[in-house]
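Visitor: 3D, please:
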Amino acid sequence: MCGRAYISRRHIRYIEEKQPDLWATWQKSKYGGPEENGDIRPTQALICARITQRGPELLPMRWGFARPYKNAIINATAEKLTGKFWGKAAKERRCTVFVSGYFEWVLDHRGHKDPRAFELPQKGPMWLAGLWEEDAEFGPCVAIVTCEAAGHMKEMHDRMPVILDAAGVESWLNPDTEGEQAQKMAQPYRKDIVIFPCLKPSHDHIPELEDIQQQGNNAKGKGLFG
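Guide: Have a look, this model is predicted:
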């Protein structure tokens with residue numbers, strides 16, 4: 001599952017410097033500048049990229065498909081991307097979600113739930129597979145695609161977001177990619193992921209590895225997993 005995320009100013013600058021053409025599509029006059037946020041929650045804005053008739057576009061999307069009969073639908077199940085509910089979006093409305101990392105909670109030896117931050121080891125941000133739709137009230141809305149967890153990730157949760165590498169981002173966003181192909185791409189990420197104990201998520205605090213020291217004895221033996 002993926003239900004909380006964060007974005008750092010460092011990674012916002014990374015997109016600005018490394019992908020200036022994509023950055024230039026962000027409509028500052030309409031949306032303002034992208035902002036650092038250490039605790040992005042469902043129904044708040046995520047930074048997303050999609051392909052339009054004008055080309056690639058970077059824009060904020062509300063996290064969660066809006067439905068009157070239930071809470072916002074924040075995740076799309078990879079195994080059901082060709083089914084009735086997600087099929088059309090998987091074929092026609094794919095996007096990528098731009099984050100620095102995301103959170104999960106695990107039980108410690110006392111039975112308390114402690115947060116863990118998940119990041120990629122390289123300097124760049126994390127691109128997650130997403131599906132979007134236009135809502136009359138909320139505008140563009142996004143659901144993050146999740147798949148079965150693999151490796152050490154299973155110790156944290158049985159599901160994980162679909163993380164895309166550079167080639168995967170291009171294929172996921174390519175309009176010529178069919179829904180069946182997209183479903184085959186929605187697989188567990190098998191490269192290194194850094195997992196570390198962190199402070200309680202807060203809008204004003206971006207998780208850092210130094211948080212481990214602040215956790216004191218609670219962090220002993222937790223280490224890094226990759």
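Visitor: by mean pLDDT, flag the weakest helix or strand of the protein.
Guide: When each helix and strand of the chain is scored by mean pLDDT, DSSP states H and E, helix 211-214 comes last, with a mean of 56.
Visitor: secondary structure class for Pro188?
Guide: With DSSP: H, G, I helix; E, B strand; the rest coil as the basis, Pro188 sits in coil.
Visitor: er, Pro175 actually
Guide: Classification of Pro175 by three-state DSSP places it in coil.
Visitor: so what's it up against?
Guide: Residues near Pro175 by CB atoms under 8 Å, 6 or more residues apart in numbering: Ile51. For the C-beta atoms, the positions are set from N, CA and C on the backbone; glycine is no exception.
Visitor: one more time with 10 Å, if that's ok
Guide: Ile51, Thr52, Gln53, Lys91, Glu92, Arg94 (CB atoms under 10 Å, 6 or more residues apart in numbering).
Visitor: so which residue is smack in the middle of this structure?
Guide: With distances taken as CA atoms, centre = their mean, Leu128 lies nearest the centre of the chain, 4.5 Å away.
Visitor: circling back: just put the contacts of Pro175 in JSON lines and tack on pLDDT.
Guide: Output for the contacts of Pro175, formatted as JSON lines (pLDDT from 0 to 100):
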{"residue": "Ile51", "pLDDT": "95"}
{"residue": "Thr52", "pLDDT": "92"}
{"residue": "Gln53", "pLDDT": "90"}
{"residue": "Lys91", "pLDDT": "96"}
{"residue": "Glu92", "pLDDT": "96"}
{"residue": "Arg94", "pLDDT": "98"}
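Visitor: which of the residues you listed ranks first by neighbour count?
Guide: Most neighbours among these, by other CB atoms under 10 Å: Arg94, with 24 neighbours.
Visitor: looking at the contacts of Pro175, spot the one nearest Pro201.
Guide: The shortest approach to Pro201 among the contacts of Pro175 belongs to Arg94, at 27.5 Å (CB to CB).
Visitor: Cys141 versus the closest one, what's the distance?
Guide: 14 Å (CB to CB, to the nearest Å).
Visitor: which neighbours do these two share?
Guide: Leu131, Trp132.
Visitor: leaving out sequence neighbours, find the closest residue to Glu57.
Guide: Leaving aside its chain neighbours, Glu57 sits nearest to Thr25 (4.7 Å; criterion: CB to CB, 6 or more residues apart in numbering).
Visitor: my guess is the one you found is in a helix, correct?
Guide: No. Counting by three-state DSSP, Thr25 is not part of a helix but coil.
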